[in-house]
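Asks: kindly generate the corresponding structure for this input.
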Amino acid sequence: MAAPFYQLSALELYQLNLPTTDTISVLWQPDSSTAPIVLCHGLSRTMASSFSKAAATGITSVNGAEQLLLTGGKAHAIKKILVWMVDSCAGYGLVNFPKDSGSPIITAYEDREAAAMLGIDWLGAQLDAYIAEKSMPGGCIPPEEIATKIKNVDTSDSTFEFLVNHVAEKTFEDSQIRFEQESAAKDAKRNSRATKATSNNTTTISSLLGSRRERPPIGDGTAGSYSCRPKLPSDIYVPLKNAFVNPFGNAVNALFQKKLQQARDERHARERAARQARAEELEEFEQEAEEDQDAPMVTKTLALQPGRKIGKKRAGKLNLADIGVSW
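Replies: This is a model prediction of the structure:
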């Protein structure tokens with residue numbers, strides 16, 4: 001099995017792109033309903049297959065020409081990767097992948113999408129590490145970068161949709177964390193009152209039922225019903241408040257509300273299932289209690305043998321003379 005491209009020497013990489021007649025064309029279309037455009041001609045098939053899993057398995061022959069058709073993503077990001085591949089085979093070894101100084105993280109997301117389409121896992125991992133390094137806490141894209149980018153993209157652009165999803169998701173995650181923190185504080189206060197009441201030999205509803213309802217762990221995607229107003233993630237996106245104008249702000253708020261409603265429906269479904277389970281458990285307990293109450297204490301000698309059941313209890317070793325039974 002041949003070594004992966006990132007382990008090859010400069011000479012071995014150079015030999016991948018020697019002049020050859022075995023070439024391919026790379027075509028791209030934004031979606032399946034749009035006519036494709038040509039991104040490059042005459043790309044060495046050996047080089048493309050060594051870098052790209054998609055080229056290794058997805059090349060087709062159309063009218064005698066070999067081509068690789070890609071759908072979705074950004075055309076400029078795909079072209080950047082193709083240029084990087086050619087530059088890496090120029091005889092100087094694998095070159096560093098270029099980064100954008102203007103919108104580095106957003107561009108890196110676009111490049112990572114293109115790397116995934118081409119099946120270049122190594123490059124995708126490098127871009128993931130770069131995004132993690134440059135992002136703000138919680139994986140947030142810097143708000144200044146978002147504010148600059150949304151001024152220069154159309155609402156139909158996939159980058160616009162990506163940024164809407166990113167801000168709405170981070171806002172939603174923050175609302176859940178805040179909800180869980182508030183819920184934990186309320187539960188702690190309620191349990192403290194119940195403990196104090198129990199220590200004073202006072203029976204309360206809270207001491208019998210415990211917490212009013214079980215709280216799921218933070219971060220499992222549940223939502224609370226105490227507020228439907230979207231919140232900005234812990235001051236990360238506060239500078240974006242002025243940028244939350246039509247249509248970006250409306251799109252973010254609409255998606256946030258949708259996520260919140262879905263999470264609320266899921267939480268309510270879990271609560272209904274838990275109530276149903278408790279009701280069934282209580283009904284089973286009452287039936288067992290009635291059976292124990294109706295069962296005779298002593299029936300015949302066989303019922304008092306060690307290990308035999310009396311109602312729902314076991315008799316154990318029992319001396320009949322001790323309870324005044326004689327035969």
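Asks: so which helix or strand of this structure has the lowest pLDDT on average?
Replies: Least confident helix or strand of the chain, by mean pLDDT, DSSP states H and E, is helix 205-209 with a mean of 41.
Asks: where does the prediction get shaky in the protein?
Replies: 1, 194, 196-246, 294-327 (pLDDT under 70).
Asks: going along the chain, name the helices of the stretch 101-250 of the chain.
Replies: 104-118, 121-134, 143-150, 158-199, 205-209, 248-294 (DSSP state H, counting those that start in this stretch).
Asks: determine which stretch of those helices is the most buried.
Replies: Highest mean neighbour count among these (mean count of other C-beta atoms under 10 Å): helix 104-118, with a mean of 22. Where you see a C-beta, it was placed from the backbone N, CA and C, and this is true even at glycine.
Asks: what secondary structure does the residue nearest to Ala65 when sequence neighbours are not counted sit in?
Replies: Distance criterion C-beta to C-beta, 6 or more residues apart in numbering; nearest residue to Ala65, sequence neighbours excluded, is Ser25 at 6.4 Å. Counting by DSSP: H, G, I helix; E, B strand; the rest coil, the backbone at Ser25 sits in strand.
Asks: quickly list what Ser25 is bridged to.
Replies: Gln67 (DSSP bridges).
Asks: quick one: it and Ile37 touch, right?
Replies: No - counting by C-beta atoms under 8 Å, Ser25 stays clear of Ile37, with 10.8 Å between them.
Asks: number of nearby residues for Val62?
Replies: Using other C-beta atoms under 10 Å, Val62 is surrounded by 10 other residues.
Asks: again but with Leu39, I slipped
Replies: With other C-beta under 10 Å as criterion, Leu39 counts 17.
Asks: now it. Its backbone dihedrals?
Replies: Leu39 adopts backbone torsions of phi -90, psi -40, taken as degrees, to the nearest 10.
Asks: please name the nearest non-neighbouring residue to it.
Replies: Val26 (4.6 Å).
Asks: again, but for Ile150
Replies: Phe248 (5.1 Å).
Asks: now do Asn152 against Leu69, distance only.
Replies: According to C-beta to C-beta, to the nearest Å, Asn152 and Leu69 sit 29 Å apart.
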